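*Asks:* following is a predicted model, sequence given first.
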Amino acid sequence: MILATSRGAWLLWVILPYLAIATFVVGTVWRYRADQLRWTTRSTQLLESRWLKLGSPLFHFGLLAVIGGHADVGVLTGGGNVFRELTKACRSGALVALLADRDLTKGGTEVDFCGQRARMAVGPAALAVSTGAALHPCIVHYEPHPNGHGWRTVVTFHPAVPLPTQGTSREKVQVMTQACADVLTEAVREHTQDWHMMQRVFTRDLDDDGPSRHPAPAGGRR
């Protein structure tokens, strides 16, 4: 809710922000449809204008602040007790989005993924087991736009992973993480080009920077 005590405040805090957003959206759509081939870093003068070098980051940070203020978006940077904060968010009914196709903390669990053993994060399943929140695997891929202009982003929310009724918390987390891996396996097989994995994920490739655990074929190099 916005409380404006004067016409100037109403103009500054209510009308102007939405006018700016409308101008940004309409201008972007017009530029995309009318002059798409000239969308380059040079066309925005980011490499030429020192003012835009300063203004562009400020614009994007401001945009994030505006969106966050309207949608109650929070970004966790790893400081503090992250799991406790996520637990509070889940119990308050918030939508929590977590990257789960890779193990960034080396505290993940092994699952079957694309016919191989891989390590995946247990955070999403652990939160679901701890709070009772529904766990929905979410997949993002790209496809040609139906109107023939460029590509569009497709976000697919899969049905909630069933919460096991038996077993320890650790066993329940393992079962739910494997269920998520199964969904991701099908997505990667269908849209392999859209899975941007820039690190080792399969356990056979995790070597801790030491000598390879897999011997080279006889008579040649690996």
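*Replies:* Cool, the structure landed.
*Asks:* can you give the contact residues for stretch 119-131?
*Replies:* Residues from elsewhere that reach stretch 119-131, judged by C-beta atoms under 8 Å, 6 or more residues apart in numbering: 83, 86-87, 90-91, 96, 98-111, 113, 133-135, 161, 163, 169, 172-174, 176-177, 180-181, 201, 203, 206. Using the backbone N, CA and C atoms, a C-beta is placed for each residue, glycine as well.
*Asks:* for stretch 84-97, buried residues please.
*Replies:* 86-87, 89-90, 96 (16 or more other C-beta atoms under 10 Å).
*Asks:* just the CA atoms of it, as CSV, please.
*Replies:* Taking C-alpha atoms only, stretch 84-97 is exported to CSV below (Å, rounded to 0.1, in the frame of the first residue of the first chain):
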residue,chain,number,x,y,z
ARG,A,84,16.6,-21.9,9.1
GLU,A,85,15.7,-18.9,6.9
LEU,A,86,14.3,-21.2,4.2
THR,A,87,12.4,-23.2,6.8
LYS,A,88,10.7,-19.9,8.0
ALA,A,89,9.9,-19.0,4.5
CYS,A,90,8.3,-22.4,3.8
ARG,A,91,6.3,-22.4,6.9
SER,A,92,5.0,-18.9,6.1
GLY,A,93,3.6,-20.2,2.8
ALA,A,94,6.3,-18.5,0.6
LEU,A,95,7.4,-19.8,-2.8
VAL,A,96,11.0,-21.0,-2.4
ALA,A,97,13.0,-21.7,-5.6
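*Asks:* any idea how far residue 162 is from residue 113?
*Replies:* 19 Å (C-beta to C-beta, to the nearest Å).
*Asks:* between those two, which one's more packed in?
*Replies:* residue 113 (21 against 11; other C-beta atoms under 10 Å).
*Asks:* is the more buried one in a bridge, and if so with what?
*Replies:* For residue 113, the beta-bridge partners under DSSP bridges are residue 116.
*Asks:* follow-up on the earlier one: and the buried residues of stretch 84-97, which of them are in helices?
*Replies:* Among those, the members falling in helices (DSSP state H) are 86-87, 89-90.
*Asks:* that older thread, would you list the buried entries among the contacts of stretch 119-131?
*Replies:* 86-87, 90, 96, 100-101, 103, 108-109, 111, 113, 133, 135, 161, 172-174, 176-177, 180-181, 201.
*Asks:* which parts of this structure are helices?
*Replies:* 7-10, 16-34, 50-71, 82-91, 123-131, 169-190.
*Asks:* single out the most deeply packed of the ones you listed.
*Replies:* Neighbour counts (mean count of other C-beta atoms under 10 Å) averaged over each of the helices of the chain peak at helix 123-131, with a mean of 21.
*Asks:* and the angle for that one with helix 169-190?
*Replies:* Helix 123-131 and helix 169-190 are oriented at 140 degrees to each other (axes from the mean of the first three to the mean of the last three C-alpha atoms, to 10 degrees).
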